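> please work out how this folds:
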Amino acid sequence: MNRTDRLYALVEELRAVTPAPRSARWLAQRFEVSARTVERDIGALQQAGVPIYAEPGRTGGYVLDKTHTLPPVNVTPGEAVAIAVALEGLRGTPFEEAARAALRKVVAVMPARDAVAAGELAGRVRLLGAPGADRVPAPVARALSDRRVLRFGYVDRHGAATAREIEPLGYVGGGHWYLVGWCRLRDSVRCFRLDRIVDPVATEELVSPRGIDLADLDIPLDVRTPVLV
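Predicted structure coming up:
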């Protein structure tokens, strides 16, 4: 059994017995490898976003959190590559890392043969044109979900620099991405272009959610929200 097949089989073995644990020794005997190899494989799956955790103790072992994983999905190699190509459009946005993690989870539960075929197909695809050059700083990308006050320097379109402290509210995306927040300096809602934010720091101060009045954002009224279903 090659490693790709074994990774898939490990996930399915843990899925079949959850919530009961399987020890590294038991899995090593099952797949005819060393316990060290099993531990490396489990580590690779965890890094890929598969929710596997270890239960300590004499009867402990590895457990798959079934409520946070997908059963085998009927995604074809072509569909998986199409998703990967579409995700290239998220480079430089606040959602790039989350999208990559989601794709890794989908690939991790595909049948091994299809996952290999998807990798081979992706290797035959070339995208022309440079991706977005602006990288979103991690404190900014996490600001909204963490609901923490964000401090940063900001350079406006005229080159004027100010120090800001905001309560993050959301994102507005288009030709550029903007962080929407309640600005304590201006005492109102403001939009901050991500590539003009300097040295952001997420503070320990938690904030309560605020409502957003689109009329305060000075953006076109035909804005859309993401569709999840």
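
> please pull out the lowest mean pLDDT helix or strand from this structure.
Within the chain, judged by mean pLDDT, DSSP states H and E, the helix or strand with the poorest mean is helix 138-146; its value is a mean of 79.

> dump the helix or strand following it to PDB, keeping only the CA atoms.
Scanning forward in sequence from helix 138-146 by DSSP states H and E, the next helix or strand is strand 148-155. Output of strand 148-155 as PDB, limited to C-alpha atoms (Å, rounded to 0.1, in the frame of the first residue of the first chain):
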ATOM      1  CA  ARG A 148     -10.600  42.300  18.900                       C
ATOM      2  CA  VAL A 149      -9.600  45.900  18.700                       C
ATOM      3  CA  LEU A 150      -7.000  46.500  15.900                       C
ATOM      4  CA  ARG A 151      -4.300  49.100  16.000                       C
ATOM      5  CA  PHE A 152      -2.400  50.100  12.900                       C
ATOM      6  CA  GLY A 153      -1.000  53.000  11.000                       C
ATOM      7  CA  TYR A 154      -2.900  54.000   7.900                       C
ATOM      8  CA  VAL A 155      -1.800  55.900   4.800                       C
END
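
> what residues of strand 148-155 count as buried?
Taking 16 or more other CB atoms under 10 Å as the basis for neighbour counts, the residues of strand 148-155 that come out buried are 148-152, 154. Every residue, glycine included, has its C-beta placed from N, CA and C.

> which member of those is positioned nearest Ala86?
Each of these was checked against Ala86 using CB to CB; the closest is Leu150, at 29.1 Å.

> who's that closest one bridged to?
Ile166, Ala202 (DSSP bridges).

> my guess is it contacts Thr203. True?
Yes - in this structure, Leu150 sits in contact with Thr203. The criterion is CB atoms under 8 Å, and the distance is 7.2 Å.

> tell me the mean pLDDT over stretch 152-162?
Stretch 152-162 shows a mean pLDDT of 94 in the predicted model.

> just how off-centre is it within its chain?
In terms of CA atoms, centre = their mean, to the nearest Å, the centre of stretch 152-162 is found 29 Å from the chain centre.

> the longest helix along the chain: which residues count as buried?
In terms of residue count, the longest helix belonging to the chain (DSSP state H) is helix 3-17. Residues of helix 3-17 classed as buried under the neighbour-count rule (16+ other CB under 10 Å) are 6-11, 13-14.

> hmm, who's touching it?
By CB atoms under 8 Å, 6 or more residues apart in numbering, the list of residues contacting helix 3-17 from outside reads 1, 22, 27, 30-31, 33, 38, 41-42, 44-45, 50, 52, 62-64, 66, 69, 71-72, 108-112, 115-116.

> helix or strand right after it?
Next along the chain after helix 3-17, taking DSSP H and E as the criterion, comes helix 24-31.

> tell me the buried residues in that next one?
Buried residues in helix 24-31, defined by neighbour count with 16+ other CB under 10 Å: 24, 27-28, 31.

> and that helix with helix 3-17, angle?
Interaxial angle, helix 24-31 versus helix 3-17 (axes from the mean of the first three to the mean of the last three CA atoms, to 10 degrees): 120 degrees.

> now whichever helix or strand comes after helix 24-31: how far from the chain's centre is it?
Past helix 24-31, further along toward the C-terminus, the next helix or strand under DSSP H and E is helix 35-47. Relative to its parent chain, helix 35-47 has a centroid offset of 21 Å by CA atoms, centre = their mean.

> just give the number of residues close to Val201.
A total of 12 residues lie near Val201 under the criterion other CB atoms under 10 Å.

> state the distance from it to Glu167.
With distances taken as CB to CB, to the nearest Å, Val201 is found 14 Å from Glu167.
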